[in-house]
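**Student:** how would this look folded up:
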Amino acid sequence: MILYAGNILSKFGYTPTFIETLTPKLSEYYNVKAVSDKKNQLYRMFDMISALFNNKKKIDAVIIDSYSMRAFWYTYILSKLSVYFGIPYIPILRGGGYYDRLKSSPEYCFLQIHIKNISPSLFLKNVFLKEGYEAEYIPNFIPVSKYKFKQRDTVRPKLFWVRSFDRTYNPELAVLILKKLKSKYPEAELCMVGPDKDGSLQKVIDLAKELEVSDSLKITGRLSKDEWIKCSEDYDIFINTTDYDNHPVSVIEAMALGLPVVSTDVGGIPYLIEDNTDGLLVPPDNAGKFTEQIDRLIADKNLVLSLTQNARSKVNDFDWEILKHKWFNLLDPLIKK
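**Tutor:** As a prediction, this is how the structure comes out:
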């Protein structure tokens, strides 16, 4: 059995995390028990610990979605218990804050890695290697064939944003970008898709009212994958405003759909997007730089064509049918026959 510990919270309106994507794929080949779907963070921790204790004689390996902020302590406690019971464990490194975590408290990162760290981004892999920790790069995946590529011969100032409303992702910056764009393009629009996580949604609504752009802002809340893909067809430019990031699936999905991407250049983003080749990168928290790059896209259809075709070519490497073999090579030696 493989025990997979992570946050299974989509039933509460949160964006599905990687555990909800990877578990059904691995379950086609392995016996996988995934935890936890408890909304309360403390209850979630106890649920994970209980699953490990109750199944310790049957577990061949533990996979842990390892975050760099408060949820990091899930990894710390579960890894100590795994070592105690002699069970190999595999952290999947998530969150752009791991660089700071390694610098501030390296004694907690990590104990005894029976297998290795798995990094979905080359950025985090390099961070860990520099600090003396082994890491293997297995990027986040998508079923590429399900994303219909739409070639946009020209683009309009119609912006698309997909993420949870959380201060980490700086959703208010998207509203500031909209305001700047409307001074040149009165027809500019912004659609924001995602659930509220920390109260940032209300701040976005309030800021839009203050800047008098509410009529040009559409907020859908959380949508299913099929719903937001359909919604994206009405928009022409994808913006990623985050202050911290690793290897965001939403950006990969936008690249697959043919949306030219303008993103902040934080964390693992420059390892995912090559500036001026398959996307455009700007400094964080800078609405002016965003609007400059959006201007370039509106004015230059050849740039749009080049960026989007290169981006689609790149995301073909993130297809499950290609990446599944990396997971098989990692897990097969651990499973007791």
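**Student:** gap between L173 and E28?
**Tutor:** Taking Cβ to Cβ, to the nearest Å as the measure, L173 falls 40 Å from E28. In short, each C-beta sits where N, CA and C put it, glycine included.
**Student:** Counting neighbours, go ahead and name the busier of those two.
**Tutor:** L173 (22 against 8; other Cβ atoms under 10 Å).
**Student:** which ones are touching that one?
**Tutor:** Taking Cβ atoms under 8 Å, 6 or more residues apart in numbering, we find L173 in contact with 241, 285, 287, 290.
**Student:** Check which helix or strand it maps to.
**Tutor:** Per DSSP states H and E, L173 falls inside helix 171-184.
**Student:** Check which residues of that helix are buried.
**Tutor:** Residues 171-182 are the ones in helix 171-184 that count as buried (16 or more other Cβ atoms under 10 Å).
**Student:** And stretch 49-67, by the same measure?
**Tutor:** Quick answer for stretch 49-67 (16+ other Cβ under 10 Å): 49, 51-52, 56, 59-67.
**Student:** Low-confidence ranges, this structure, go.
**Tutor:** Applying pLDDT under 70 to the chain flags residues 68-71, 95-114, 337.
**Student:** what are the ranges of the strands in this protein?
**Tutor:** 2-5, 32-35, 61-66, 89-93, 117-119, 135-137, 158-162, 189-193, 217-221, 237-240, 261-264, 280-282 (DSSP state E).
**Student:** D37 versus D47, what's the distance?
**Tutor:** In terms of Cβ to Cβ, D47 sits 8 Å off from D37.
**Student:** whoops, K148 was the one
**Tutor:** 32 Å.
**Student:** wait, what's in contact with the most centrally placed residue in the chain?
**Tutor:** By Cα atoms, centre = their mean, the chain has its centre lying nearest to P248, at 2.9 Å. Residues near P248 by Cβ under 8 Å, 6+ apart: 163, 240, 242, 269, 272.
**Student:** Highest neighbour count among the residues you listed?
**Tutor:** Busiest of those [other Cβ under 10 Å] is L272, holding 30 neighbours.
**Student:** ok, for it, nearest residue in space, not its chain neighbours?
**Tutor:** Among residues not flanking L272 along the chain, H247 sits closest, at 6.0 Å (Cβ to Cβ, 6 or more residues apart in numbering).
**Student:** Let me know whether that neighbour touches K125 as I believe.
**Tutor:** No - using Cβ atoms under 8 Å, H247 is not in contact with K125; the gap is 10.2 Å.
**Student:** Please compare the two by neighbour count and tell me which comes out ahead.
**Tutor:** H247 (25 against 22).
**Student:** Would you mind measuring from the more buried one to G268?
**Tutor:** 5 Å.
**Student:** repeat for Y244
**Tutor:** For Y244, the distance to G268 - Cβ to Cβ - is 10 Å.
**Student:** Please apply the same query to I177.
**Tutor:** From I177 to G268 the distance is 22 Å (Cβ to Cβ).
**Student:** re earlier: quick one: which of the contacts of L173 sit in helices?
**Tutor:** Here DSSP state H is the test, and the contacts of L173 give 287, 290 as lying in helices.
**Student:** Now the contacts of L173 in JSON lines, please, with extra columns for neighbour count and distance to P24.
**Tutor:** What follows is those, written out as JSON lines (neighbours: other Cβ atoms under 10 Å; distance: Cβ to Cβ, whole Å):
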{"residue": "T241", "neighbour count": "27", "distance to P24": "30"}
{"residue": "D285", "neighbour count": "15", "distance to P24": "37"}
{"residue": "A287", "neighbour count": "19", "distance to P24": "39"}
{"residue": "F290", "neighbour count": "28", "distance to P24": "36"}
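**Student:** out of the contacts of L173, who's nearest I322?
**Tutor:** Nearest to I322 among the contacts of L173 is T241, at 29.6 Å by Cβ to Cβ.
**Student:** so that closest one makes contact with V262?
**Tutor:** No - taking contacts as Cβ under 8 Å, T241 lies outside contact range of V262: 9.3 Å.
**Student:** what's near enough to touch the closest residue to L334 other than its chain neighbours?
**Tutor:** Taking Cβ to Cβ, 6+ apart, and ignoring the residues beside it in sequence, L334 has A61 as its nearest neighbour in space, at 4.4 Å. Taking Cβ under 8 Å, 6+ apart, we find A61 in contact with 2-3, 87-90, 115, 331, 334-335.
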